[in-house]
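A.B. asks: Mind folding the following:
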Amino acid sequence: MGQPLPHALVTGGGTGIGLAVARRLASTHRVTIVGRRADVLREAAAAIGGDVQAVAADVTEGSAVDAAFAQARRRFGPVSVLVNNAGAAWSGAILDQDEEALLKVLQLNVVQVHRCIRAALPDMLEARTGRIVNVASTAGLVGYSFVSAYCAAKHAVIGLTRALALELVRKGVTVNAVCPGYTDTDLVSTQVETLSRRSGGDEASIRQKLTQTIPLGRLIRPDEVAAAVDYLCRPEAGAVTGQALVVAGGEYMAG
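C.D. replies: Next up is the predicted model:
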């Protein structure tokens, strides 16, 4: 018998980008998908097929993360790849957002990323190889109106990515971020609904306006983001670390 496939763990793996990533990695990895909704995760795992397991956990809870990683290892062994995809956006004017709301956004998008990295990293350091990919956003590179907390959180994820890349570069572990632009997921649909309520405009018009900001002329597909994640997880990407790979149809270009 040959060596078992490496183990990839994807948070927020039941829908959207996370599901696309899990589906893409399943051809080369045993995959654990983690999320809060057990029924959604089970359906996703069954749809992907192969060596995919579902582990229900709220990654904003420290004890839940520890338990989820322990459960994941019992079946598939040490974690070789971690894709931090779980997160959430909050939109609104800054005067409508108090400190408690800000802290919640940071907890959802930054603290849990840090927590999951700490849970996965001992396996990678022992093996002297590993891949960590944080799904950030173009909001981690530029500012957008009415999402100040989300922008602050995603900027923090990029900073964390770059700092850890330098810390781990001689230990066989790469740390990168993927920064999608407006992607055709439930997250963007929720943002469109919020903008519609605030402005009184219809959702179709708002979605069209979002699309017009993308030179490509359409929303990004989850599978396109998954392809970027897949590349960063491959053995041949061993010299790529500390990067923020933008998948945004030309919306953002670094100067």
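A.B. asks: Name the surrounding residues that touch the top strand by length along the chain.
C.D. replies: The residue-count maximum for a strand in the chain (DSSP state E) belongs to strand 173-180. Strand 173-180 has contacts (Cβ atoms under 8 Å, 6 or more residues apart in numbering) with 17, 121, 124-125, 129-138, 140-141, 154, 157-158, 161, 164-165, 168, 220, 225, 228-229, 232, 237-238, 240-248, 252. To be clear about C-beta, it is placed using only N, CA and C from the backbone, and glycine gets the same treatment.
A.B. asks: mind listing the strands in the stretch 1-150 of the chain by residue range?
C.D. replies: Counting by DSSP state E, counting those that start in this stretch, the stretch 1-150 of the chain has strands at residues 7-11, 30-35, 52-56, 81-84, 130-135.
A.B. asks: Nearest to Ala45, out of the ones you listed?
C.D. replies: Between Ala45 and the strands of the stretch 1-150 of the chain, the shortest gap by Cβ to Cβ is with strand 52-56, which sits at 4.4 Å.
A.B. asks: ok, the closest one: who's next to it in the sheet?
C.D. replies: The pairing partners recorded for strand 52-56 under DSSP bridges are strand 30-35 (parallel).
A.B. asks: for the record, mean pLDDT for the strand it pairs with?
C.D. replies: Mean per-residue pLDDT for strand 30-35: 98.
A.B. asks: Also stretch 50-62?
C.D. replies: Averaging pLDDT along stretch 50-62 yields 96.
A.B. asks: Can you tell me what sits against it?
C.D. replies: 5, 11, 14, 22, 26-27, 29-38, 41-42, 44-45, 64-65, 67-68, 71-72, 75-76, 86, 107-108, 111-112, 115-116.
A.B. asks: Okay, buried residues for that stretch please.
C.D. replies: In terms of neighbour count (16 or more other Cβ atoms under 10 Å), stretch 50-62 has its buried residues at Asp51, Val52, Gln53, Ala54, Val55, Ala56, Ala57, Val59, Thr60.
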